[in-house]
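Novice: test case, fold it:
(2 chains)
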Amino acid sequence: MSVRIFRWRAIGPLLLFTLLGAVLWVLLADRIARVSAEKIGTAIVGAKVEIQYLHIDLKNGDVTVRGLTVASPHEALKNLLQADELVADVDVLPLLEKKVVIDRLAANGLRFGTPRATDGRVPGDPSASVSGRVMGEARDWAQRFQVPALQLATGKIDVGSLDPRRLSAIPAAQALSARADSSRKAWQTGLDSLRLGAAVDSATATLARLKTARATDLAALNDARRAIDQVKQARNRVTTLERGVTSGLASLRAGVAGLDSAKQRDYGFAKSLLKLPSLDAPAIGAALFAPTAVAQFQRALYWTQLARAHMPPGLLPRADAGPPRRRRSGSTVRFPREHALPGFLLRTAELSFQLDPTAPEPKRYTGRLTGLNNDPAVYGRPTVFAASAPAVNAGAMLDHVHQTARDTAGATIQGVRISPFALPSLPLRLDPGQGTVQLAFALRGDSLRARWAVRSTHVQWTRDSAAQRSTVTDLLWRTLSGISDLQVEAGVAGTLSAPRLAVNSNLDEAIAARLRAMMGDQVAAAERRLRAEVDRQVDPAIAPVRARVTALQADVTQSLAQQRAKLDKAQKDLEARVRDLTRIRVP
Amino acid sequence: MLTIVKLLQSLVKALHSEGTPGQLAAGIALGSILGLTPLVSLHNAIVFGLIVILNVSFAGGLLGWALFIPVGFLLDPLFDRLGHTLLFTPALTPFFTSLYNTPVVPLTNFNNTVTLGSLVFSVVFFLPLFFMARWAVTRYRATIGERVRQSKWYRAVTASKLYNVYRLFRPE
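Specialist: Residues are numbered from 1 along each chain as shown, chains lettered A, B, ... in the order given. Alright, predicted model coming up:
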């Protein structure tokens, strides 16, 4: 019996199965495409991408998207953008190569920075997702900037909080007092051990015998010479002791002088307890606006680096993470080829957007995006965006065609509602209102040059009612609330690994001058109070020690002088008598 | 549990189907491709079509698919490494570049490391599996096959409605 190769009667069910698949495609294609687009968009942006409606019309090559919402990856309750409708004219044939080529995209009703009810950020795993890695790198980059903190003295300066245990003069005085006592004892013991009394007494007794002695009394003369030697030895011992006392007294006097130095140090320590504000204008500018400026640069860097990750230069095979599935995802490798179509290409997009949708009469602007693709070397031309209107001038170019990527973006928007600033360390809120915002960003390789500027002439200030009030904040409030102009400019230059930040504003000098004028007097007064407090605590400890050292010096000096005088007199008397006895008399 | 029951049902039906051991083994070998490679790929649609159209055991195909799904999961790291090695072999880059830019071929996901690695593995494994399965079915039928056929349990399985569906695709 021969076995047939084909099972012809299964053709029917197979066709039925295929038909069923086609019906399911018709029914579910839009849904599948919508869910896929949301997933892919979310993975690329690093924040939720939501689509209300998506319809694929393969026959005409149209894809219509309505109600697109892209959450901001940087702010919890804000959207990056919302779009009323996107209509894409898709090339069908490249779909067979798994390539998406959009000839023209019309985006209507784009709005930026709109609020949202839930947090749309997706915490990406830096090791698994491109957006998570780029976000982490941008965050690390922003943390390279050492933004100075603006410290203001808040509340009354409490000098009573000076802890005597932390003052160095008091323990130094106690130590010196102990040293003085021990020196006094040591010197007294030394003086006693010299046995000067015995030498003087012996000399006195010898002198008495000599008064009745004759010149031929050699024994008496020898006793006298011995007594003189003893007195001399006693004098030498006194001299030695005196030398030690002089040195010890010098040390004690140095200790007394050291008490003065310790007191000066205590003044310095007490001063350090005051929270004094920085009075340097550039430092104030950096403290106030650097966090906001760095956040702007960080966002620009995030988008640029994200673009570089998804639009890498070169024609070598590139591996990206594979599709998420129950099985291992693996890596999906792209093999770009020159003069072929990129995996994704948006040839032209016409964008219609609003910058301030909450305005009573929101203005519409138009922009044009060309050549957005994921294989720049294949496409051979940079991606360009341009928007120009009477009050808006924006442009960007992502040039990843060559090995060194060059990304530039610049925008000047006039008459736009600027989000309020919270000023770090100040219980004030700055609402610039409508003004002009400028951002310029250029990243060539890893060399960065960026500038962010804000100008407004209708600044409004709000005081944080919950914050603690102080003289300084009161004065700053009076100073700043009278300022209606705002000019802030921040710049970054250098490389990504070593960026340099400079920030200045018209508020810096105003704040610095006010702080100098007011804080100068206040600081001086506070310092006077602190010096008085230090004096009050230290002087009772220092004064007795100083007196004790002075008294010790006088006592010891006097005592030594007395003993030396006695010895001198005894020696002098003995020598005079010996000379008398030994003088040769001529008859 | 239901999966295990269905797997047993497939196994029993396949082993006692009217097809020859070769038809059954071919079904199992084709089904193994479905199980070893990620399911949602264009090549699997072709393999499924072959199982239906070719005069092989459909139950064998289902059995091969069911048996090799866990094997596929287990061997995914190996497939990933194999696919990575192949896709990044410089000598093969022009070939893959050409495939990548050829219509329809990219829909097979050949440029995914796991897909390519598992497909290459399953193709290489196809003939050994076919011969092993044919020998095993022959041995089974020659030894305990008849006793199982006479059991009440087997009759219960073959009496189910699913069996009727199966009969539509049984080998001729």
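Novice: from here on, contacts and neighbour counts on C-alpha atoms
Specialist: OK.
Novice: which secondary structure elements does the helix or strand containing A:Ala270 sit against?
Specialist: According to DSSP states H and E, A:Ala270 maps onto helix A:218-272. Helix A:218-272 is packed against helix A:169-193, helix A:196-211, helix A:506-582, with contacts defined by 3 or more Cα pairs under 8 Å, 6 or more residues apart in numbering or on different chains; DSSP states H and E.
Novice: can the ones you listed go into TSV with extra columns for distance to chain B?
Specialist: Output for the helices and strands packed on helix A:218-272, formatted as TSV (distance: least, Cα to the nearest Cα, whole Å):
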stretch	distance to chain B
helix A:169-193	72
helix A:196-211	102
helix A:506-582	57
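Novice: so which of these is nearest A:Lys363?
Specialist: Nearest of the helices and strands packed on helix A:218-272 to A:Lys363, taken as Cα to Cα: helix A:506-582 at 30.2 Å.
Novice: and the closest one, how far out from the chain's middle?
Specialist: Its chain's C-alpha centre and that of helix A:506-582 lie 45 Å apart, by Cα atoms, centre = their mean, to the nearest Å.
Novice: quick one: mean pLDDT over it.
Specialist: Across helix A:506-582, the average pLDDT comes to 84.
Novice: one more: stretch B:57-72?
Specialist: Mean predicted lDDT for stretch B:57-72 stands at 90.
Novice: residue boundaries of the helices in chain B?
Specialist: B:2-15, B:21-36, B:42-53, B:58-87, B:93-100, B:113-143, B:145-149, B:152-158, B:161-168 (DSSP state H).
Novice: the fifth one near chain A at all?
Specialist: In other words, helix B:93-100. Yes - under the criterion of Cα under 8 Å from any Cα of the partner chain, chain A is reached by helix B:93-100 at B:93, B:96-97, B:100.
Novice: closest to chain A among these?
Specialist: Relative to chain A, the closest of the residues of helix B:93-100 next to chain A is B:Thr97; by Cα to the nearest Cα it sits at 4.9 Å.
Novice: can you tell me the SS state at the spatially most central residue of chain A?
Specialist: Central residue of chain A (Cα atoms, centre = their mean): A:Gln146, 3.5 Å from the mean position. Following DSSP: H, G, I helix; E, B strand; the rest coil, A:Gln146 is assigned to coil.
Novice: just checking, A:Leu54 touches A:Leu68?
Specialist: No - A:Leu54 is not in contact with A:Leu68 according to Cα atoms under 8 Å; the separation is 9.4 Å.
Novice: so for the two, which sits in the more crowded spot?
Specialist: A:Leu54 (23 against 20; other Cα atoms under 10 Å in any protein chain shown).
Novice: what's the distance between the more buried one and chain B?
Specialist: For A:Leu54, the distance to chain B equals 22 Å [Cα to the nearest Cα, to the nearest Å].
Novice: which element is that residue on?
Specialist: Counting by DSSP H and E, A:Leu54 is part of strand A:49-57.
Novice: tilt between the helix holding A:Ala270 and helix A:169-193?
Specialist: Orientation check (axes from the mean of the first three to the mean of the last three Cα atoms, to 10 degrees): helix A:218-272 against helix A:169-193 gives 180 degrees.
Novice: any idea how far helix A:218-272 is from the chain center?
Specialist: 56 Å.
Novice: circling back to that earlier point, can you check which of the helices and strands packed on helix A:218-272 gets nearest to A:Gly136?
Specialist: Nearest of the helices and strands packed on helix A:218-272 (Cα to Cα): helix A:506-582, 31.9 Å.
Novice: and A:Ser388, that one's in a strand?
Specialist: Yes - membership of A:Ser388 in a strand is supported by three-state DSSP.
Novice: what is the burial count for A:Ala517?
Specialist: 12.
Novice: and what of A:Ala498?
Specialist: With other Cα under 10 Å as criterion, A:Ala498 counts 14.
Novice: now it. Its backbone dihedrals?
Specialist: Dihedral angles of A:Ala498 (phi, psi; degrees, to the nearest 10) stand at phi -140, psi 70.
Novice: tell me if A:Leu369 really is in a helix.
Specialist: No - assigned with three-state DSSP, A:Leu369 falls outside any helix and is strand.
Novice: show me what contacts the nearest residue to it once chain neighbours are set aside?
Specialist: Leaving aside its chain neighbours, A:Leu369 sits nearest to A:Phe385 (4.3 Å; criterion: Cα to Cα, 6 or more residues apart in numbering or on different chains). Contacts of A:Phe385 were listed using Cα atoms under 8 Å, 6 or more residues apart in numbering or on different chains, and they are A:367-370, A:394-397.
Novice: check B:Ala26 too.
Specialist: B:56-57, B:60-61, B:130.
Novice: could I get the pLDDT score of it?
Specialist: For B:Ala26, the predicted pLDDT is 93.
Novice: got the residues of chain B near chain A?
Specialist: B:38, B:49, B:52-55, B:73, B:76-77, B:80, B:84, B:87-88, B:93, B:96-97, B:100-107, B:111-114, B:168-169, B:171-172.
Novice: please tell me how far A:Gly104 sits from A:Leu14.
Specialist: Just so we're on the same page, residue A:104 is Arg rather than Gly. For A:Arg104, the distance to A:Leu14 equals 39 Å [Cα to Cα, to the nearest Å].
Novice: these two: which has the busier surroundings?
Specialist: A:Arg104 (19 against 15).
Novice: that one should be in a helix, yeah?
Specialist: No - per three-state DSSP, A:Arg104 lies outside any helix segment and is strand.
Novice: now do it against A:Arg328, distance only.
Specialist: Taking Cα to Cα, one finds A:Arg104 at 36 Å from A:Arg328.
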